[in-house]
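*Asks:* with the input below, show me the fold.
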Amino acid sequence: LEDFITQPHSADLQTVGDRCFDSKLFGAGKIIFTHTGNNARLASCLVHLGEFQAAIEAAKKADTPRTWKEVNYACVRARKFTLAAQAGVHIIIHPDHLPDVIEHYEKYGYWEELIKLLETGLTLEQTHNGIFTELGILYAKYAPDRLMDHLKAYFQRLHVPKLLRACEEYKMWNEAVYLNAHYDQHDRAVMIMMEHSPNAWNHDLFIESLQKASNTDLHYRAIHFYLREQPALLNDALISISNKLDLPKTVSVLKKTGYLVLTLPFLKHAQSHNIEAVNDAVNDTLLENDDHQGLRASVLEFDNFDQLKFVKRIEKHDLMEFRRIAAILYRKNKKFVESLNLSKTDELHKDAIETALDSKKPELAEHLLRYFISINERECFSACLYTCYELLKPDVVLELTWRFGLMEFAMPFMVQMLKDMNTKLEQVNKKTDEIQKKEEKKAEQDPIATMPMEYNSMLMPGLSPYPAIMPAQDMLGMSSYPQLMPAPNMMGMGMDMGMGMGMNMGMNMGMGMGMGGQPGMFQQPTFKQALLNFQKHAPGNYYLSLIHISEPTRRYAISYAVFCLKKK
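*Replies:* From the prediction side, this is the model:
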C-alpha cells in the first residue's frame, strides 16, 4: 500500500481510507490518512492502534472538539490519564462539551482525575464560569471538605442557583447557607439554618441574615427557635434585630411562650422607645422579681403606661420600697394627698416633705407641719420649714412654734424670713427714690408737664381725658362739648412761661332755651364763671395773668381772652 500510494495513480484515497477504517483496517487507514493529511481520521486510527501519543499530535493538528473528545475518551478507557488530561483541556473550554467529558469520567468512576482536570482548567485563558460551577458540584459530590474554600475563592465565577441545587441535593447545608447569604437570598438562608441547625446554624451569620430578611414572620419564628435550641443567646439575637421588630407583637409572642422573664435585658433595651406594652412587660417582670431599684428607675424614666392602675397593685405591697414607689407615682400624677398619706403611713418623712414641696399648696405644707408636731418629730418639723419655706406663712409658723415651744427649731426660718423682708423693703425704697428723683428732674426742666392732670386738661384740650371748662361754638352756632381753643403764639411778649393759652369765651345767648321754652341741653357759663372755675382748680403756686381780649367776630358773637401762666 505504501508503494502504491507513492506511485502515480488515479485512486480516491479518501474513500479508500474511510473503507479501511470502517473495515477496522486501522494500519492501512493510518498510512492513507497520513498521506492525505486527514489528521482527524488519522487520530482516530492511532487511538485504535493504541498509539495515544501520536494520536495527541494528530489531534493537535486537527484541533476539533470531536477529535479531542475521541482521543480523550480512548485515553480514559486505557487509563492514560496524563494523555487524557492533555486532550481534556481542549474540550472543557467549550461549555457545550463539558458535561459530556464529566459524564464519561464519572461513568468509569474516575472522579479524582476529573477534579484534577477541571482544576487545571481554572488557570486556562479560555476558562469560563461553567468550569468553576461544575468543579463545585464535583466537590459537593466527592470532596465536600474542599467545597467551602472553593466557594469563598471563586464565588463571583459561580452559577449560584445551579450549585445551590447541588448543595441541597447532597445535604451540604453549611455551604448552601453561605451561597444563599451571599446571593441575597437571606430568607432562604435563615430557613436552612433553622431547619438544619446541627450542621448549618451559625449565630453571627444567622443574625446578619435575619436583619436582611424581607419576611417579617421569620423574626418571630426565630424567637421560638432560640428558645428551643439556644436560649442563652436569645437576648443577643433580639437586641440585634430590635429595629426590625414590632415591639408590641414581640412582647405578645414572648408572653405566650411563658418565658418573658428570660428576655428582661432585651426589654430594657427596647424600653428606650417608651412603648406602653414594653413598659408594662418590664414593670411586671421587675415586680415579679422583687427588684424595687430597677422598678423605681423604670417608672421614673419611662412614663408611658397606666400609672394609676399600676399604683393600685403596689400600694399595699408587703415590701415598703414598693409602697414608696406607689407614693412617687401618686406624686407624679398630682395625687398629692394620696402620696402624702402613703408616706406618712410608712414614716417616710423625707418623701412626705418632697411631696408637699412639689404640690405648691400651702395647706399641705401646713398640714405636714402640724403632723410632725403631733408625732413629736421636731427635726422633721425644722426640715419641713427649710424645704417648704416658700409655701409657709410666717404667722402660722410663729403661732405653732410659740404654742408648742419649738422656737429654737423655727429660728432659722424666722431669720431667713426677716432677711428676705428687709431685702424687699430696700428694693422698694430704692425704686421709690429713683422715681422721685426722676420726677424732680423733670419738674425742673418742664413745669407745665408736671402740673396736675385737671390743670393740664383745662389748658391743653385733646391731650387729656378730662373735659375743658368752657364750651365752644360749632359751625352752626350749636353748643358742643366743652373744649379749650389754642391761643396765638405769645413769643416776644415778655411772658415768664414762654407760652400763652387762649381760652374760648364765646357766648351764644340764643341757645339758652331749648324747644318749647324749655332749658337747652347745654348751657354756656359766663366768662366770670369760667374764670372762677379755672382758679378753683389751679394749684396754689400758679396764677393767670390776663393779656388780651379780642373783639367779637362778624359772623358770630364770639371773643376770646389770652392769659399767661405765671408762678408766684
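*Asks:* and the strands in this structure?
*Replies:* 500-504, 542-549, 560-567 (DSSP state E).
*Asks:* weakest of those strands by average pLDDT?
*Replies:* Among the strands of the chain, strand 500-504 has the lowest mean pLDDT, at a mean of 36.
*Asks:* in this protein, which residue is most central in space?
*Replies:* Nearest to the mean C-alpha position of the chain, by CA atoms, centre = their mean, lies residue 273 at 9.3 Å.
*Asks:* for residue 125, grab phi and psi.
*Replies:* Main-chain torsions, residue 125, degrees, to the nearest 10: phi -70, psi -30.
*Asks:* and it, how far is that from residue 351?
*Replies:* 85 Å (CB to CB, to the nearest Å). Yep, even glycine has a C-beta here, placed from its N, CA and C like the rest.
*Asks:* between those two, who's got more neighbours?
*Replies:* residue 351 (19 against 5; other CB atoms under 10 Å).
*Asks:* that one contacts residue 327, doesn't it?
*Replies:* Yes: counting by CB atoms under 8 Å, residue 327 is a contact partner of residue 351 at 5.9 Å.
*Asks:* okay, and the common contacts of the two?
*Replies:* Jointly contacting residue 351 and residue 327 under the rule CB atoms under 8 Å, 6 or more residues apart in numbering are 339, 343.
*Asks:* which stretches of the stretch 1-150 of the chain form helices?
*Replies:* Assigned by DSSP state H, counting those that start in this stretch, the stretch 1-150 of the chain shows helices spanning 2-6, 13-22, 26-36, 39-49, 52-62, 65-77, 81-88, 98-107, 111-121, 129-142, 147-154.
*Asks:* right, and the ones you listed - which one's nearest residue 279?
*Replies:* Among those, helix 147-154 comes nearest to residue 279, with 45.7 Å by CB to CB.
*Asks:* for the closest one, the distance to its chain's centre please.
*Replies:* Taking CA atoms, centre = their mean, to the nearest Å, one finds the center of helix 147-154 at 42 Å from the center of the full chain.
*Asks:* now the angle from it to helix 129-142?
*Replies:* 160 degrees (axes from the mean of the first three to the mean of the last three CA atoms, to 10 degrees).
*Asks:* which strands and helices sit next to helix 147-154?
*Replies:* The contact analysis (3 or more CB pairs under 8 Å, 6 or more residues apart in numbering; DSSP states H and E) places helix 147-154 against helix 129-142, helix 173-182.
*Asks:* now tabulate those in TSV and tack on mean pLDDT, distance to residue 165 and mean neighbour count.
*Replies:* Converted to TSV, the helices and strands packed on helix 147-154 look like this (pLDDT from 0 to 100; distance: least, CB to CB, whole Å; neighbours: other CB atoms under 10 Å):
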stretch	mean pLDDT	distance to residue 165	mean neighbour count
helix 129-142	95	9	22
helix 173-182	95	9	22
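*Asks:* adding distance to residue 245, write those out as CSV.
*Replies:* Shown next, in CSV, are the helices and strands packed on helix 147-154 (distance: least, CB to CB, whole Å):
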stretch, distance to residue 245
helix 129-142, 36
helix 173-182, 21
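*Asks:* next, count neighbours for the spatially closest residue to the residue nearest to the centre of the chain that is not a sequence neighbour.
*Replies:* Once flanking residues are discounted, residue 273 sits nearest to residue 247: 6.6 Å by CB to CB, 6 or more residues apart in numbering. Neighbour count of residue 247, defined by other CB under 10 Å: 18.
*Asks:* any idea how far residue 247 is from residue 303?
*Replies:* Counting by CB to CB - residue 247 and residue 303 are separated by 17 Å.
*Asks:* isn't residue 292 right next to residue 323, touching?
*Replies:* No: taking CB under 8 Å as the definition, residue 292 is not a contact partner of residue 323, at 9.8 Å.
*Asks:* check contacts around the closest residue in space to residue 259 that isn't next to it in sequence.
*Replies:* Leaving aside its sequence neighbours, residue 259 sits nearest to residue 227 (CB to CB, 6+ apart; 5.9 Å). By CB under 8 Å, 6+ apart, the contact set of residue 227 is 234, 257, 259, 262.
*Asks:* and the residue nearest to the centre of the chain, how far is that from residue 263?
*Replies:* Counting by CB to CB - residue 273 and residue 263 are separated by 15 Å.
*Asks:* could you do residue 406 as well?
*Replies:* 55 Å.
*Asks:* and if you look at residue 251?
*Replies:* 9 Å.
*Asks:* between the helices and strands packed on helix 147-154, which gets nearest to residue 435?
*Replies:* Ranked by CB to CB, the member of the helices and strands packed on helix 147-154 that lies closest to residue 435 is helix 173-182, at 82.8 Å.
*Asks:* elements contacting that closest one?
*Replies:* Partner elements for helix 173-182 (3+ CB pairs under 8 Å, 6+ apart): helix 147-154, helix 160-169, helix 186-195, helix 197-200, helix 203-212.
*Asks:* dump those into TSV; add distance to residue 178, mean neighbour count and mean pLDDT as well.
*Replies:* Listed next are the helices and strands packed on helix 173-182 as TSV, based on distance: least, CB to CB, whole Å; neighbours: other CB atoms under 10 Å; pLDDT from 0 to 100:
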stretch	distance to residue 178	mean neighbour count	mean pLDDT
helix 147-154	6	16	95
helix 160-169	9	18	95
helix 186-195	8	21	95
helix 197-200	9	15	92
helix 203-212	8	17	94
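*Asks:* let me have these in JSON lines, adding distance to residue 85 as columns.
*Replies:* Listed next are the helices and strands packed on helix 173-182 as JSON lines, based on distance: least, CB to CB, whole Å:
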{"stretch": "helix 147-154", "distance to residue 85": "19"}
{"stretch": "helix 160-169", "distance to residue 85": "24"}
{"stretch": "helix 186-195", "distance to residue 85": "36"}
{"stretch": "helix 197-200", "distance to residue 85": "34"}
{"stretch": "helix 203-212", "distance to residue 85": "38"}
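*Asks:* which residues touch stretch 356-363?
*Replies:* By CB under 8 Å, 6+ apart, the residues outside stretch 356-363 that reach it are 331, 336, 340, 364-365, 367-368, 384, 387-388, 391-393.
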